[in-house]
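A.B. asks: sequence first, predicted model second:
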Amino acid sequence: MHSRTFAVAALVALTTSLAFTQERLDPPASGPEPLRRGPAVARQDSRTGEDGRINDRIRQDEAIRSQVMRTLHYLTDVYGPRLTGSPNHKAAAEWAVKQMTGWGMVNGHLEPWDFGHPGWVNERLSVHVTSPIKDALAVEAVAWTPGTNGTVTAKAFQMVLPEGPLPEPARAPEAAPNPNAPAARGPQRLGPTQAELDAYLALVKDKVRGAAVMVGRSVSVPVNLTPLAGRLTDEQARCRFDPNMVNAPECEGLGRGRGGFGGGRGQQPADGRLTTRQIDQQIDAFLVANGAALRINDAGRAHGQIIAFNNRTYDVAKAVPTVVIRNEDYGRLSRIMADGTAVEIEASIVNMTYPEGQTSYNAIAEIAGSDLKDEVVMAGGHLDSWHTATGATDNAIGCAIMMEAARILKSLGVNPRRTIRIALWSGEEEGLLGSQAYVKAHFGSAEAPKPEFAKLNGYLNIDTGTGRIRGASVFGPPEAARVLAEILAPFKDLKVYGATATTSRATGGTDSTSFHSAGLPGIGFTQDTIEYNSHTHHTNLDTYERVIETDVRDAAVVVAAVLFQLANRDAMLPRFSTADMPAPPPQRGGGF
Ligand SMILES: [Zn+2]
């Protein structure tokens, strides 16, 4: 690890002068890892004057002294996974503050906020099928569920829940229900009514006691024959972010106007029917009340990918030991049981809870400002992760990039006019909780501003994986996007194409929306997707290996430049006036 990082740095140092004239090479979408070479320094900035000189120095420092992969190594390999409230998360946050302080940053501290739930860690996990075959099963634990008390052996029982009808007009002709047919990823069924679910649970009540309960039919995941597009084409990125292209006819239909990603995980219930979440909570309560030994959920994804979230009550007494099993194992066990053959499962799970996790922490450190030090430019990402891998692309790398940008500026010895503040959030995965607590405590909102509200010049956020930065989106008037686009203009050789403005105050997706929601200038970077949505986001495969060093080093260069320019401009980033401020969206019910 370290030896490779140092070897790359030494090589880059030796070839820096040559590298100025070399063309950049994109790593292939797949295949063997390309020779990693110093990014960013590849071309000299074409602009003259102070801005151009600082950009050149930023590029050169990153080419020679990069620590971003070392930071990633610590946050993932050494401290991951970093579930909110867990000792791992706190240790990672402490390490990050110590590291930033070591680079010369000031005011490093952990800022507490009330998570309200204990921390949780899975320490051991071993689930096997012991009859009619003997084999290890690929599983992950669901967070905030209990462990088994030692090793338990249990007969498998598969619950085939009522699913309700297909929505009109897609309803297929009624066929005799085959409980063992795989549930295809077809049109979503409307879900059962409470009466239908109650009737089914009454029917299987005696079968779940002491059983390893497989919840639901196995999901049939079709083979994907469509190759994934890992990067935006230059045309797509230009059409989305280059201010000169915004109204170009050739951009019609090329991804313009797409904002953010994701949404809530819930779904709106059809009239009188239960949502997936409501059913899930009722099944948990039913399995606890009737003494099930183990709950097994189908991961429902290809290639052994497992996503395991949490017991939404955060209370281990309100669930039985629960695992998500890879789709291939769930399918195999389901098919064997469909033959009429009994299946026996053995499980040994050790989960720990930590009461002190009720208080969680955002990690903060600053580069002191000078004549405008009361005004602040912020950058951050969420340091917390899910627990089934080491949370590399979601989102150790976003944190590592922001830390690296600050490291570069300290290394150059610049004295910014405004204070630059790095914030590494926790509680993002549970609903943007850490950043929302911070915004509330420091800034308030446009409707109820605190004194610091007027002093925030912008908050930069990274949270979509390893891909290089292609553009930015800022909450504010069009002039704010123009300022950002101007700052980003010298980085077209790194394939960054500009910035757009958004007026949405809806929360969702990631921590920049906590700022948008308050009416503050949150700035989200759009990155090439690479393997994010297809492989790494929230999965058991989100590890150090999935990060592309050249991309994230380029990203650190871009962020460092934006931070420096925003900190030194005469004027703050243009904002909505009180009169122009978009209204906040209506309060959502339900939670995240
Ligand atoms: Zn994330």
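C.D. replies: Happy to help now that I have it.

A.B. asks: quick one: residues in contact with stretch 332-347.
C.D. replies: The contact list for stretch 332-347 (C-beta atoms under 8 Å, 6 or more residues apart in numbering) reads 126-133, 137, 148, 151-156, 158, 180, 182, 212, 214, 217-218, 293-294, 296, 321, 323. All C-beta atoms are positioned from the backbone trio N, CA, C, and that covers glycine.

A.B. asks: could I get the buried residue list for it?
C.D. replies: Buried residues in stretch 332-347, counted by 16 or more other C-beta atoms under 10 Å: 332-334, 336-338, 343-347.

A.B. asks: quick check: residues of the chain near the ion?
C.D. replies: Applying C-beta under 5 Å from the ion, we find that the chain lies next to the ion at 394-395, 463.

A.B. asks: include secondary structure and neighbour count when you put those residues into JSON lines, please.
C.D. replies: What follows is the residues of the chain next to the ion, written out as JSON lines (DSSP: H, G, I helix; E, B strand; the rest coil; neighbours: other C-beta atoms under 10 Å):
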{"residue": "D394", "secondary structure": "helix", "neighbour count": "26"}
{"residue": "N395", "secondary structure": "helix", "neighbour count": "31"}
{"residue": "D463", "secondary structure": "coil", "neighbour count": "24"}
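
A.B. asks: list just the nearest of those residues to K495.
C.D. replies: Taking C-beta to C-beta as the measure, K495 lies nearest D463 of the residues of the chain next to the ion, at 19.4 Å.

A.B. asks: quick check, that closest one in contact with D394.
C.D. replies: Yes. Using C-beta atoms under 8 Å, D463 makes contact with D394 at a distance of 7.1 Å.

A.B. asks: now do the shared contacts for those two.
C.D. replies: Between them, D463 and D394 share no contacting residue, judged by C-beta under 8 Å, 6+ apart.

A.B. asks: what is the neighbour count of the closest residue to the ion within the stretch 51-200 of the chain?
C.D. replies: Taking C-beta to the ion, the ion has its nearest neighbour within the stretch 51-200 of the chain at R82, 11.4 Å off. Applying other C-beta atoms under 10 Å, we find 29 residues neighbouring R82.

A.B. asks: you'd agree it is in a helix?
C.D. replies: No. Looking at R82 with DSSP: H, G, I helix; E, B strand; the rest coil, it is coil, so not inside a helix.

A.B. asks: so what's it closest to, chain neighbours aside?
C.D. replies: H89 (4.1 Å; C-beta to C-beta, 6 or more residues apart in numbering).

A.B. asks: tell me the contacts of the one you found?
C.D. replies: 79, 82-83, 119, 360-361, 383-384, 426.

A.B. asks: one step back: now, the buried residues of stretch 332-347 that are in strands?
C.D. replies: Applying DSSP state E to the buried residues of stretch 332-347, the entries found in strands are 344-347.

A.B. asks: which one of those is nearest V142?
C.D. replies: Closest approach to V142 among these (C-beta to C-beta): A347, at 12.9 Å.

A.B. asks: tell me the pLDDT of that closest one.
C.D. replies: Looking at A347, its pLDDT is 98.

A.B. asks: that one and D315, how far apart?
C.D. replies: A347 sits at a distance of 21 Å from D315 (criterion: C-beta to C-beta, to the nearest Å).

A.B. asks: and A63, by the same measure?
C.D. replies: Going from A63 to D315 by C-beta to C-beta gives 50 Å.

A.B. asks: and for N540?
C.D. replies: Separation of N540 from D315 (C-beta to C-beta) stands at 24 Å.

A.B. asks: can you check A480 too?
C.D. replies: From A480 over to D315 the distance is 43 Å, taken as C-beta to C-beta.

A.B. asks: same check, this time on T353
C.D. replies: T353 sits 10 Å away from D315, taking C-beta to C-beta as the criterion.

A.B. asks: returning to that earlier point: okay, N540 and D315: which has more neighbours?
C.D. replies: N540 (22 against 14).

A.B. asks: need the three-state assignment for the more buried one.
C.D. replies: Secondary structure assignment for N540 (three-state DSSP): coil.

A.B. asks: domain-wise, how is the protein divided?
C.D. replies: According to automatic domain parsing, the chain comprises the domains 2-20+35-116+357-568, 133-165+182-221+272-342.

A.B. asks: could I get the pLDDT score of H303?
C.D. replies: H303 carries a pLDDT value of 96.

A.B. asks: same question for N244.
C.D. replies: Per the predicted model, pLDDT is 79 at N244.

A.B. asks: and the strands in the stretch 351-500 of the chain, which stretches?
C.D. replies: Per DSSP state E, counting those that start in this stretch, the stretch 351-500 of the chain carries strands over the ranges 359-367, 372-382, 418-425, 456-461, 469-475, 499-502.

A.B. asks: can you list the ones you listed in JSON lines and add mean neighbour count and distance to R546?
C.D. replies: JSON lines is the format used below for the strands of the stretch 351-500 of the chain (neighbours: other C-beta atoms under 10 Å; distance: least, C-beta to C-beta, whole Å):
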{"stretch": "strand 359-367", "mean neighbour count": "24", "distance to R546": "23"}
{"stretch": "strand 372-382", "mean neighbour count": "23", "distance to R546": "16"}
{"stretch": "strand 418-425", "mean neighbour count": "26", "distance to R546": "20"}
{"stretch": "strand 456-461", "mean neighbour count": "26", "distance to R546": "20"}
{"stretch": "strand 469-475", "mean neighbour count": "26", "distance to R546": "17"}
{"stretch": "strand 499-502", "mean neighbour count": "22", "distance to R546": "27"}
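
A.B. asks: can you list these in JSON lines and add distance to L72 and mean pLDDT?
C.D. replies: Shown next, in JSON lines, are the strands of the stretch 351-500 of the chain (distance: least, C-beta to C-beta, whole Å; pLDDT from 0 to 100):
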{"stretch": "strand 359-367", "distance to L72": "16", "mean pLDDT": "98"}
{"stretch": "strand 372-382", "distance to L72": "12", "mean pLDDT": "98"}
{"stretch": "strand 418-425", "distance to L72": "13", "mean pLDDT": "98"}
{"stretch": "strand 456-461", "distance to L72": "18", "mean pLDDT": "98"}
{"stretch": "strand 469-475", "distance to L72": "16", "mean pLDDT": "96"}
{"stretch": "strand 499-502", "distance to L72": "26", "mean pLDDT": "96"}
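
A.B. asks: just send these back as TSV, with distance to F241 too.
C.D. replies: Shown next, in TSV, are the strands of the stretch 351-500 of the chain (distance: least, C-beta to C-beta, whole Å):
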stretch	distance to F241
strand 359-367	27
strand 372-382	19
strand 418-425	24
strand 456-461	15
strand 469-475	3
strand 499-502	6
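
A.B. asks: the ones you listed: which one's closest to M581?
C.D. replies: That would be strand 469-475 among the strands of the stretch 351-500 of the chain, by C-beta to C-beta, at 10.3 Å.

A.B. asks: what angle do that closest one and strand 456-461 make?
C.D. replies: Following axes from the mean of the first three to the mean of the last three C-alpha atoms, to 10 degrees, one obtains 140 degrees for the angle between strand 469-475 and strand 456-461.

A.B. asks: by contact count, what packs against strand 469-475?
C.D. replies: With contacts taken as 3 or more C-beta pairs under 8 Å, 6 or more residues apart in numbering; DSSP states H and E, strand 469-475 sits against helix 234-241, helix 478-488, strand 499-502, helix 512-518, strand 522-527, helix 549-568.
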